[in-house]
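In: here's my sequence, what's the structure:
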Amino acid sequence: LDSVEAASPTMRASVLCLALCASASAFSPSATVPSLRSIGHTGAIAHKSPLSAPLTSSSDPRHGRSATRGSSTAALRMAEVVYGNTQVAEAKDTQTATVIWMHGLGDNGNGWTKLRDVISIPHVKWLFPTAPVQPVQICDGMTMPAWFDIPGLKVKELRSDEAGIQRSIDHILQVLEKEVASGTPSDRIVLAGFSQGGTIALGAAMQAKMSLGGVIALSTWYPRGIADSPDPKNAKMPIFIGHGENDPIALAEWGRKTFEYITELGMPTEGNIYPEMGHEFKSSQVTDLKVFINRVLGVQKQVTLSKPLGMTLEEGEEGTVSVASLKEGG
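Out: Numbering: from 1, shown residues only. This is a model prediction of the structure:
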């Protein structure tokens, strides 16, 4: 990074942008994941009035991962912000829970769909929303999928686009509401994200007015000043924070500070700093995520009994209660 700091502003922006986008996804885009489908959104969100209108659908090819330099950045910023389609990777077994996963800068929802098979929890459906294509200042005004604009890598710059962050939080809350309306209880849903997507996952979870199953935030930073504390319904929502020790983009210190801040809020927080890992997603994180998701979104099964079921309960340590014995007949 020392050589980057010494470079010209234009070269430095290009190098930083390349680093951000090159590490944005764990996987190559995939259209071969079984049970993969795409859903659109209706309506539109105007950049100047992010809270005044519903969402819009687009089949615009710009929602791919390639970035193009915009010749009229100002005009693009004033245009409607259009969110891409949400990719859906269906559960392999009977679906009883959902993870909504947000990608990083320059990527799209399709870039993460293989997570379903990599983490492999049969009863979980995965939703992968796609950010709107818009100019990004740190990338010299190039247009690409971005949840919000980033003018630089200083802490205040990372969250300076408050309107853009809030607009994307609103979009994810609408994705959440649609999933609940489809039949998945809110406490059986986890919001998750990488880099920019992790910031949106944290913000949406804190602002959600319904109880959630949990949050996963990887290689990211907390949206202070936008979502400072959770709704009372999520005061005890479990959160997992993961960060690469050698991350040159989102420094590991930001992950530690996010962990400390959320812990101070009294929320059950866990996580890991992964040695020799940069701004990326690696297999070393898979086990931690699988354990966390299985714990907060464990298997739910319904059992039909021919006779009523009776049970004897006994009190354990620290006020816990366990089933001592079961019998049919009441």
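
In: okay, S120: pLDDT?
Out: On pLDDT, S120 comes in at 92.

In: list the helices and strands the one helix or strand I169 maps to packs on?
Out: Here I169 sits within helix 162-181, counting by DSSP states H and E. When contacts are defined as 3 or more C-beta pairs under 8 Å, 6 or more residues apart in numbering; DSSP states H and E, helix 162-181 packs onto strand 45-46, strand 97-102, strand 124-130, strand 189-194, helix 196-207. Bear in mind the C-beta positions are built from the backbone N, C-alpha and C, glycine included.

In: and it, what's buried?
Out: 163-176, 179-180 (16 or more other C-beta atoms under 10 Å).

In: from the residues you listed, pick the one nearest S229.
Out: I169 (14.4 Å; C-beta to C-beta).

In: correct me if wrong: that closest one contacts A204.
Out: Yes: contact status for I169 versus A204: in contact at 4.8 Å, counting by C-beta atoms under 8 Å.

In: what touches both of these two?
Out: A227 (C-beta atoms under 8 Å, 6 or more residues apart in numbering).

In: what's the angle from the helix holding I169 to strand 97-102?
Out: 160 degrees (axes from the mean of the first three to the mean of the last three C-alpha atoms, to 10 degrees).

In: hmm, who's touching helix 162-181?
Out: Under C-beta under 8 Å, 6+ apart, the answer for helix 162-181 is 41, 45, 47, 50-51, 54-55, 81, 83, 86, 98, 100, 102, 127, 129, 131-132, 134, 147-149, 159, 186, 189, 191, 199-201, 203-204, 207-208, 210, 223, 225-227.

In: what's the ChimeraX line that selects buried ones from these?
Out: In ChimeraX, this line selects whichever of the contacts of helix 162-181 come out buried by 16+ other C-beta under 10 Å:
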select :41,45,47,50,55,81,83,86,98,100,102,127,129,131,132,134,147,148,149,159,186,189,191,199,200,201,203,204,207,208,223,226,227
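
In: E276 touches D247, doesn't it?
Out: No: if you go by C-beta under 8 Å, E276 and D247 don't touch, sitting 11.0 Å apart.

In: the more surrounded of those two?
Out: Neighbour totals were compared for E276 and D247, and D247 leads with 22 against 9 (other C-beta atoms under 10 Å).

In: OK, contacts around the more buried one?
Out: Per C-beta under 8 Å, 6+ apart, neighbours of D247: 219, 255, 277-279.

In: please repeat the previous calculation with a cut-off of 7 Å.
Out: By C-beta atoms under 7 Å, 6 or more residues apart in numbering, the contact set of D247 is 219, 278-279.

In: grab the nearest non-local neighbour of it.
Out: H279 (4.7 Å; C-beta to C-beta, 6 or more residues apart in numbering).

In: over to K92?
Out: In space, K92 is closest to P122, 4.4 Å off (C-beta to C-beta, 6+ apart).

In: surely that neighbour touches Q95?
Out: No: using C-beta atoms under 7 Å, P122 is not in contact with Q95, being 9.1 Å away.

In: who has more neighbours, the two?
Out: Counted by other C-beta under 10 Å, P122 and Q95 do not tie: Q95 has more neighbours, with 16 against 12.

In: which residues touch H123?
Out: Contacts of H123 by C-beta under 7 Å, 6+ apart are 91, 93-97, 299.

In: mind redoing it with 10 Å?
Out: 91-98, 188, 294, 297-301 (C-beta atoms under 10 Å, 6 or more residues apart in numbering).

In: repeat for M210
Out: 173, 176-177, 180, 185-187, 189, 231, 233-234.

In: can you check the pLDDT for the residue nearest to D247?
Out: 89.

In: in three-state terms, label it for me.
Out: coil (DSSP: H, G, I helix; E, B strand; the rest coil).

In: what do you get for K233?
Out: Applying three-state DSSP: K233 is helix.

In: of the contacts of D247, which is the most crowded?
Out: Counting by other C-beta under 10 Å, top hit in these: S219 with 30 neighbours.

In: is it true that that residue touches W254?
Out: Yes: assessed by C-beta atoms under 10 Å, S219 is found in contact with W254 at 9.0 Å.

In: so for those two, which residues contact both of them?
Out: 243, 247.

In: check contacts around I119.
Out: Here I119 is in contact with 99, 126, 285-287, 289-290, 292-294 (C-beta under 10 Å, 6+ apart).

In: helix or strand with the lowest mean pLDDT in the protein?
Out: None of the helices or strands of the chain scores lower by mean pLDDT, DSSP states H and E than strand 45-46, at a mean of 42.
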